[in-house]
Structure formats: C-alpha cells, structure tokens
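>>> Predicted model and sequence below, questions to follow.
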Amino acid sequence: MRSLFIIASAIVLFSCSGGSSTKGISTPDKSLADNLIPMQQRAQWIDNTFQHRVDTLLPKLMKKTGIDAWILISREYNEDPVLKTMLPATWLSARRTTIFVFFLSESEQNKVEAYAVAPYNVGSAFKKGWDKKAQPDQWQALVKLLEQHNPKKIGINQSEIWSHADGLVVTDHKKLLQALPTTLSNKLVSAEALAVAWLEQRTANEIAMYKDIVALAHDIIAEGFSNKVITPGVTTTEDVRWWYRERVRELKLQSWFHPSVSLQRSDAVSFDHEKTFTNGSKDDVILPGDLLHVDFGITYLRLNTDTQQHAYVLQHNETSAPDYLVEALKKGNRLQDIFTSLFEQGKTGNQILQQARQQAIDEGLNPMIYTHPIGYHGHAAGTTLGMWDAQEGVPGDGDYPLHTNTAYSIELNNAVYIDEWNKEIRIMLEEDAIFDGTGVWYLNGRQTEFHLINAHSK
C-alpha cells in the first residue's frame, strides 16, 4: 500500500495569480491544475483505497451487521449507489449485468472473499466467479457460488429510509428470486445497515486525503471570492456562479451540484435563504457593501465536499468588514460550537438537533440546523441532523445513531437583525468535518473571517 500514501502526499495547494479580465472575470493561470494528481494516479488511488477498505473495513462491518454474504446487482447505466463505489476506477459504469458477491470467510479471521459474477475480470479486488463456458447462465453461476459458500444470511440492498441502500431494482430483484432455490431465497435479508455503514465509514488514509480535498475546495472558493474574479460594479452573482463551474472543469474535477452565489445588502429586500439553492436566486451586480454567500462542492477521488462561506465587498473607505457583520459571523461560529459539542456516539441526529436548537435559543441565537453526512455522495447515507424544513426532527435517518469515523457537512444558519440595515440577515455556514469519537474536527478549518474584496479591482 506504499503507493497509496505516496499519492496522498502528492497534492500541493497554493494560491494562483490572476490573468486578463473578460466581463469582469479574470482567467487564472494553470499552476493549481498542474499540481493536482494526474488522472492515472487518481485511478490508482481509488483502486488501492477500495482494496484497503475490503481488506480492513468490510470484514468488521459484515460481522457487526450479521451478514455473511452480500450481493450487489446492477445493469449498465442504472447502477446501485453502493456498487458504483466499488467499480474499478477505469469503469465509468457497470457493464451488462454486473454482480458482485462478498463472503465473510469462515476459515480465516477478518477476511472477506470478493467475487464478480462476470465473464471477464473486474479490477484486481474481485475473483472471477463465472466460467461462462461451463455455465452459460449468469444467474445460475451466482446460485452455484452461493451454494458453495452456504451463507446463513444473504444481504441485498433494499431500504425504505436511504435511497443509497435501496439499489436493487425491481427487475433484478425479480430475476434473483426466480433463480434462487428456496433454500437460498429464505436467507435473503435487507443489507441496509451494512450498506449504510460501508458508505459512511471513513478509513484513516481516506481522512488524510479528505483534508487535502477540502483544502482544495477552500482554495477554489477563496479564488472566486477575490478581485481575481470579481470587479465590483461589473461582475454579477451569475458570473461568479459559472466561474466556479468553469474552474472546476479546468482542474479536471467535477461539481456534484451547481454552485449558488447570492448576496445580502442594505436595502428594503427581505432575504429568502431558500432562493440561494433554487433557480429563484437573482443575477445581481455585485457592489461595494455587499455580503456575498457561496454554496459550493466538488467531487475528487470519489469523495465530495460541501461548503458555504461569506465574503464582504469593501466600501471605498473600508479596510475591513463592519463590526456588525463581524459580530454576526461570530454568532454563526457560536452556533457551530454549540452544535458540534453535542456530538456523541450512539446519540441520534434528532436528539442532537433538539439539544443544539434549545441551547442556541437559550443563548439568544436564532438557529436553523440542517447537517448531513458526506462522503461518496454529497448528501450521503448516515445520520441526518435536521433539514431546513424539518427543524423538529427527521423521521428515519434522523433516528439513526452517530457512529465514529464518519464525515458530516456541518450545515446551518443563524438569523441576525442588523440595525444599520434595518433588516434581518442570515449567516449561512457549512464546513466538512470528521466525527471520531473524541469530537468533531473540521477537515480544513472553518471560516471565522470574511473573504474581503476590494471596491476597486487591482
């Protein structure tokens, strides 16, 4: 696994210098892109990481959930969300009907045997589990494999709560039941707990890399919220939104959602936070005195980020943000502290949500909390801690307990009345963090100061 950690240390993050301006948006140089991991090494990291997870993590999860065989089935372009995390890096989709089977070894402690019921090799982690010449029928090859191992419980991905764990579609489920003899079909159980655990658990080397990935996302946000990109009086929020999309593609990364860029300012317009993540967000010209907000996320090495931060556009006579906005940001940070201090293994998301909201309200804050797991998916499987339209709790995934070594987007906002603007504003923050049992740790820090943009572009 030595190459895994060599590659993990290969990311170098640093600021970029600006280039020429077009429509108020400058095009940065290529230095950041040149120092990201090349595509071939990214694939190697993904495949090594998967092998490491199968070797070290999956046996523990299968034992804990009481499943000694796990079947994942997908057809091309209709992939099970869990199976997609297991495809070789060079496979951009499943092929024909792809079937993976994991068996918890009876003869060897802490070992899982991984098979692909396919007529060809599938990466290096899976043994070939189908000799098509000897058995032309793929489903009967699966039956034979199951009979050889004789598992007690066979997990399949069905779940009413998590879409991530509900990847076995009706047609494939029907074919599976038609193929299995009663002696095997009677052993089928939901693999919901196993699927969620696989998706939410992060290994030490993933956490180490995740820190760099979040640092990269932070750097891109800072670049966009600067005079390299924004010329006050010229650049619009829509310009910045699309600059982020272009920058992500330039870096050979992916956006897992379209960025939103919005603003609040001293005017008579009430701020509607729902419009920051819908098409209702306006295309506003950015002006001095504006409080900007971005919601931005990238996908890199199959891991996702999700970040919300603020910038302030300095007035011509200012060198820092006004004290009333600085205080508003501090209150947002205080809400983060209250919330994350309550994380405890075994507590449910709904319990933490209720406790955090009550404590925040008692301290005079006006909180809204809507934190979600993050990892292989932006809105990932695991413990949900509130939704913006469900502040009393979330049935199902909000009742799920916290587990250690899991990642979360600490997403929330706090409303503050600004006398100088004669209106209420919202400080909307989101930072990615790991919960490891000792506490919640931000993967690359959090915003405690505004990004500052000069009134005059330099």
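Nice, I can see it.
>>> now Thr171, what's its secondary structure?
helix (DSSP: H, G, I helix; E, B strand; the rest coil).
>>> tell me the contacts of Ser255?
Applying CB atoms under 8 Å, 6 or more residues apart in numbering to Ser255 gives the contacts 244-245, 248, 296-299. For every residue, glycine as well, the C-beta is placed using N, CA and C.
>>> Considering those residues, which is situated nearest to Asn422?
Nearest to Asn422 among those, counting by CB to CB, is Phe296 at 30.1 Å.
>>> got the contact list for the nearest residue to that closest one once chain neighbours are set aside?
Of all residues beyond its chain neighbours, the one nearest Phe296 is Pro259 (4.6 Å), with distances taken as CB to CB, 6 or more residues apart in numbering. Taking CB under 8 Å, 6+ apart, we find Pro259 in contact with 241, 244-245, 294-297.
>>> Tyr244 versus Pro259, what's the distance?
According to CB to CB, to the nearest Å, Pro259 and Tyr244 sit 4 Å apart.
>>> Over to Asn186?
52 Å.
>>> For burial, what's the neighbour tally of Thr231?
Residues contacting Thr231 under the criterion other CB atoms under 10 Å number 21.
>>> please begin residue numbering at 45 from this point
Right, with 45 as the first residue, what we last looked at is Thr275.
>>> Specify the local secondary structure of it.
Thr275 - assigned by three-state DSSP - is coil.
>>> quick one: the helices in the stretch 195-344 of the chain?
214-223, 226-229, 236-244, 248-268, 281-294 (DSSP state H, counting those that start in this stretch).
>>> ok, and for the second one, which residues are buried?
Which is helix 226-229. Going by neighbour count (16 or more other CB atoms under 10 Å), the buried part of helix 226-229 is Leu228.
>>> Contacts for that helix next, please.
By CB under 8 Å, 6+ apart, the list of residues contacting helix 226-229 reads 187, 190-191, 198, 221.
>>> try 10 Å
If you take CB atoms under 10 Å, 6 or more residues apart in numbering as the criterion, helix 226-229 is touched by 113, 186-187, 190-191, 194-195, 198, 220-223.
>>> Okay, Val187 and Lys219: tell me how far apart.
Note on Val187: its distance to Lys219, by CB to CB, is 12 Å.
>>> wait, Glu204
Counting by CB to CB, the gap from Glu204 to Lys219 is 22 Å.
>>> neighbour count winner among these two?
Neighbour count, other CB under 10 Å: between Glu204 and Lys219, Lys219 has more, with 15 against 10.
>>> Where do the domain boundaries of the chain fall?
Using automatic domain parsing, the domain ranges for the chain come out as 46-77+248-497, 102-243.
>>> Wait, Glu152 touches Asp99, no?
No: if you go by CB atoms under 10 Å, Glu152 and Asp99 don't touch, sitting 11.6 Å apart.
>>> Pick out whichever of those two has more residues nearby.
Asp99 (15 against 10).
>>> residue contacts, the more buried one?
Shown in contact with Asp99 (CB under 10 Å, 6+ apart): 45, 154-156, 158, 169.
>>> Quick check: buried residues in the helix or strand where it lies?
Assigned by DSSP states H and E, Asp99 belongs to helix 83-100. Within helix 83-100, the residues scored as buried using 16+ other CB under 10 Å are 86, 88-98.
>>> nearest to Thr142, of these?
Phe94 (14.7 Å).
>>> And that closest one, how far from Phe170?
Taking CB to CB, one finds Phe94 at 10 Å from Phe170.
>>> quick one: common contacting residues for these two?
Contacts common to Phe94 and Phe170, judged by CB under 10 Å, 6+ apart, are 130, 132, 158.
>>> Do a quick rundown of the strands in the stretch 95-244 of the chain.
Applying DSSP state E, counting those that start in this stretch to the stretch 95-244 of the chain gives strands spanning 113-119, 141-148, 156-160, 171-172, 198-200, 232-234.
>>> distance between the second one and the chain's centre?
Put plainly, it is strand 141-148. 25 Å (CA atoms, centre = their mean, to the nearest Å).
>>> List the strands paired with it, with their directions.
Strand 141-148 has the following strand partners under DSSP bridges: strand 113-119 (antiparallel), strand 156-160 (antiparallel).
>>> The first one vs helix 236-244, what angle?
Looking back up the chat, that one is strand 113-119. Angle, strand 113-119 to helix 236-244, by axes from the mean of the first three to the mean of the last three CA atoms, to 10 degrees: 70 degrees.
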